[in-house]
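Enquirer: Here is my input; please provide its structure:
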Amino acid sequence: QVQLVEAGGGLVQAGGSLRLSCAASGRTFSNYAMGWFRQAPGKDREFVAAIARNGGGTYYADSVKGRLTISRDNAKATVYLQMNSLKPEDTAVYYCAAKYGSGPELYGYDYWGQGTQVTVSS
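Expert: Here you go, the predicted structure:
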């Protein structure tokens, strides 16, 4: 089992920044590709960003390219999502997820965190 705990969400004005973190425990973090997803009220959960287990590859949804950056620190067993130039449409609950293997991956994640709320005011 992999346990994931997100932190760093909050309320920010449009154009502002937030940095989300997701701390993992339970298994060897560097064996897992990691991803961030989000779910806005009344909408399905959607892919945001993913990173390979060694940090060597990343992939982003078109809607966040150039504004959000995923990174990881395997020594700290933590994955991050730096969010810049935030827009009201970025408002959602953000979830991190882990999948055994190299990655980056868009689908098939095995473990999920509880989520952290991000609210962007206009």
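
Enquirer: Pull stretch 46-55 out as CSV, backbone CA atoms only.
Expert: Once non-C-alpha atoms are left out, stretch 46-55 reads as follows in CSV (Å, rounded to 0.1, in the frame of the first residue of the first chain):
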residue,chain,number,x,y,z
GLU,A,46,-9.5,15.1,-15.0
PHE,A,47,-5.8,14.6,-15.6
VAL,A,48,-3.6,17.6,-14.8
ALA,A,49,0.1,16.4,-14.9
ALA,A,50,2.3,13.4,-14.6
ILE,A,51,5.9,12.7,-13.9
ALA,A,52,8.2,9.6,-14.4
ARG,A,53,9.5,7.8,-11.4
ASN,A,54,13.0,9.2,-11.9
GLY,A,55,11.7,12.7,-12.7
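
Enquirer: Residue ranges in this protein under the pLDDT threshold?
Expert: Along the chain, the model assigns pLDDT under 70 to no residue.

Enquirer: just the helices in it please.
Expert: In the chain, no segments count as helices under DSSP state H.

Enquirer: What's the separation between the spatially most central residue of it and Phe29?
Expert: Nearest to the geometric centre of the chain sits Trp36, at 2.6 Å (Cα atoms, centre = their mean). For Trp36, the distance to Phe29 equals 15 Å [Cβ to Cβ, to the nearest Å]. For the C-beta atoms, the positions are set from N, CA and C on the backbone; glycine is no exception.

Enquirer: Check Leu68 too.
Expert: Distance from Leu68 to Phe29, by Cβ to Cβ: 21 Å.

Enquirer: Spatially nearest residue to Leu86 (excluding sequence neighbours)?
Expert: Distances taken as Cβ to Cβ, 6 or more residues apart in numbering put Val120 closest to Leu86, at 4.6 Å, once the chain neighbours are dropped.

Enquirer: do Gln1 as well
Expert: Gln1 sits nearest to Gly26 (Cβ to Cβ, 6+ apart), 5.0 Å away.

Enquirer: Thanks a lot, catch you later.
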